[in-house]
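1. Dropping a prediction and its sequence here:
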Amino acid sequence: MTSNNFLPVAIICAILQCSDLSAQTTVQKVNPLLFLDGTSVTVTTIGCTLSNGTSTTCYQIVSTSTPSDHTMGPWCPSNISDDATQGGIWLENGSVYDVDGAFIENLSTFYNDPTWQMYDASTGEITKTLTQADCAAAANPNVGVQYQNYCVECLPSYVTGLTQTYVFPVTPVKLTSSTSFGMGPGATGPSVRGVAFNGVRFDAPAPVNAILGAYTLAPFDDAGGHINLAAGYHYHAATGVTTNINQCDGHAPMIGYALDGHGIYAHENEDGTSPTDLDACFGHSDATRGYHYHVDEAGNNNFINCIFGAYVTASGSATTVDADNDGFSLLNDCDDNNAAINSNAVEIDGNAIDENCDGVFCTSVSVTSIAAANPIRLYPNPMNGFVLLNSTLPILKVEIYDIAGKLINSKIAPQNTIDVSDLKSGNYILKVHTKEGVTNAQMIKE
Ligand SMILES: [Ca+2]
Ligand SMILES: [Ca+2]
Ligand SMILES: [Ca+2]
Ligand SMILES: [Ca+2]
Ligand SMILES: [Zn+2]
Ligand SMILES: [Zn+2]
């Protein structure tokens with residue numbers, strides 16, 4: 001055989017798109033350990049059948065749709081004098097608007113329609129749903145005239161006891177063609193887009209036109225979520241409030257999993273750019289993450305457009321497996337086919353492998369502070385107005401120190417949200433006290 005029989009590498013690569021080959025061959029499994037511990041999310045392993053006919057193993061997530069990493073609400077302000085902290089957001093035409101009192105006051109101008117009058121002109125009081133019956137009646141596209149000009153908010157207390165179940169293949173399978181989401185013309189796939197690490201779903205776009213057509217407004221909170229009586233709390237926009245897993249290479253942070261088991265990442269990379277090579281579903285591949293999605297911009301009331309992976313069509317009975325015999329069952333192992341990968345493994349830099357199953361492919365990421373007993377996650381980081389703390393233990397006290405070690409502020413028994421809007425730009429150390437001890441976390445204020 002002579003070298004004439006070989007096509008020059010450049011030509012082969014032009015045909016096969018060599019640069020994509022390694023990206024296409026990387027397949028990242030679903031990591032069950034990334035779902036936030038607690039009572040609101042339960043993960044089990046079950047047998048399942050995928051849309052391509054394959055029988056395989058799946059993770060089943062049962063969620064109460066109660067985020068443990070941020071508070072829910074507020075949605076509707078009470079008076080047109082209220083500021084943005086007393087209301088949520090509205091998504092219109094690609095932009096995110098604060099639903100403060102002024103937004104409600106100006107609705108007739110905003111939508112150029114004098115029928116909008118959602119407040120009492122003499123008191124400034126905003127007309128909003130006040131009971132579960134109001135919520136049920138007004139959060140309905142065929143809302144009656146009596147609920148026109150209502151700001152609709154359904155409260156968490158209306159949906160206690162509700163659970164949602166989501167099933168992901170442990171190993172995602174990319175198909176040669178995409179599946180459109182359910183509930184649309186010609187659609188066969190699921191309707192839910194994916195699930196955040198807190199167990200709350202990324203839902204189909206909110207039916208904004210029907211909502212507006214009824215002269216109602218059903219705002220989202222600052223995390224992009226609101227409640228309906230059937231689905232409970234759910235997201236329509238990714239605003240960066242839920243748990244982010246920051247990447248080692250500046251790629252957009254991971255925010256959850258799509259229902260086909262492929263990872264979902266934020267819209268923007270750390271430098272503010274967004275990928276330019278996304279397919280029709282909003283997915284692409286790289287050598288580290290394999291095939292994955294980037295969500296749409298928050299203002300578009302959208303996450304991803306379709307799925308390219310096989311989705312679960314039937315689920316079977318519970319399984320417990322420790323296929324690689326490393327002492328970590330599939331439920332607690334991010335790769336149950338490799339005994340060198342588990343929560344006790346040592347992270348190795350410079351590869352696309354998350355050896356220790358913490359969701360990060362390298363030894364250090366600036367925004368995650370790990371103490372042995374109690375990892376504390378801060379996000380967003382850098383932040384501007386507030387910081388959210390994710391701790392597995394109740395937080396007793398948080399102290400904020402400047403870089404010189406001077407105590408700036410101390411908060412006793414805070415909720416998971418701390419207002420840092422009064423801090424100057426710069427680096428700070430947070431000392432987070434729990435009954436198990438103190439964890440230091442670095443925080444950057446923009
Ligand atoms: Ca194992
Ligand atoms: Ca393993
Ligand atoms: Ca890791
Ligand atoms: Ca690694
Ligand atoms: Zn909704
Ligand atoms: Zn990407």
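-> Arrived safely. Ligands and ions are numbered 1, 2, ... in the order given.
2. Hmm, residue 312 and residue 259 touching each other?
-> Yes: counting by C-beta atoms under 8 Å, residue 259 does reach residue 312; the two are 7.5 Å apart. For every residue, glycine as well, the C-beta is placed using N, CA and C.
3. Give me the more crowded residue out of these two.
-> Neighbours per residue, other C-beta atoms under 10 Å: of residue 259 and residue 312, the larger number sits with residue 259, 26 against 22.
4. Any stretches of the chain with poor pLDDT?
-> Within the chain, the stretches with pLDDT under 70 are 1-24, 141, 184-187, 364-386, 388, 392-393, 404-405, 412-416, 434-440.
5. Check the gap between the spatially most central residue of it and ligand 2 for me.
-> For the chain, residue 196 is the residue whose C-alpha lies nearest the centre (C-alpha atoms, centre = their mean; 3.7 Å). Distance, residue 196 to ligand 2, using C-beta to the ion, to the nearest Å: 25 Å.
6. who's that residue bridged to?
-> Residue 196 forms beta bridges with residue 256, as assigned by DSSP bridges.
7. Overlap in contacts, residue 259 and residue 312.
-> residue 168 (C-beta atoms under 8 Å, 6 or more residues apart in numbering).
8. next structured bit after whichever helix or strand residue 97 is part of?
-> Under the criterion of DSSP states H and E, residue 97 resides in strand 95-98. Using DSSP H and E, the helix or strand that directly follows strand 95-98 along the chain is helix 101-105.
9. Run the chain-centre distance for the helix or strand just after that following helix.
-> With elements assigned by DSSP H and E, the helix or strand that comes after helix 101-105 is helix 107-110. Centre-to-centre, helix 107-110 and its host chain are 31 Å apart (C-alpha atoms, centre = their mean, to the nearest Å).
10. Test my guess that the residue nearest to the centre of the chain contacts residue 242.
-> Yes: using C-beta under 8 Å, residue 196 makes contact with residue 242 at a distance of 4.5 Å.
11. overlap in contacts of those two?
-> Common neighbours of residue 196 and residue 242, using C-beta under 8 Å, 6+ apart, are 67, 235, 255-256.
12. Go back to those and keep what's next to ligand 2.
-> Subset of the shared contacts of residue 196 and residue 242 in contact with ligand 2: empty, counting by C-beta under 5 Å from the ion.
13. who wins for most neighbours among those residues?
-> Most neighbours among the shared contacts of residue 196 and residue 242, by other C-beta under 10 Å: residue 235, with 31 neighbours.
14. pretty sure that residue contacts residue 204?
-> No: using C-beta under 8 Å, residue 235 is not in contact with residue 204, being 10.7 Å away.
15. How about residue 97, nearest residue that isn't a chain neighbour?
-> If the residues on either side of it in the chain are set aside, residue 97 comes closest to residue 90, at 4.7 Å by C-beta to C-beta, 6 or more residues apart in numbering.
16. Neighbours of the one you found, how many?
-> Count around residue 90 with other C-beta under 10 Å applied: 24.
17. Get me the contact residues on the stretch 301-446 of the chain for ligand 1.
-> So the stretch 301-446 of the chain meets ligand 1 at 322, 324, 326, 328, 333, 336 (C-beta under 5 Å from the ion).
18. run the last query once more with 8 Å
-> Taking C-beta under 8 Å from the ion as the test, the list of the stretch 301-446 of the chain residues beside ligand 1 reads 321-330, 332-333, 335-336, 339, 342.
19. ok, of the residues you listed, which one's closest to residue 107?
-> Proximity of these to residue 107 (C-beta to C-beta) peaks at residue 332, which lies at 50.2 Å.
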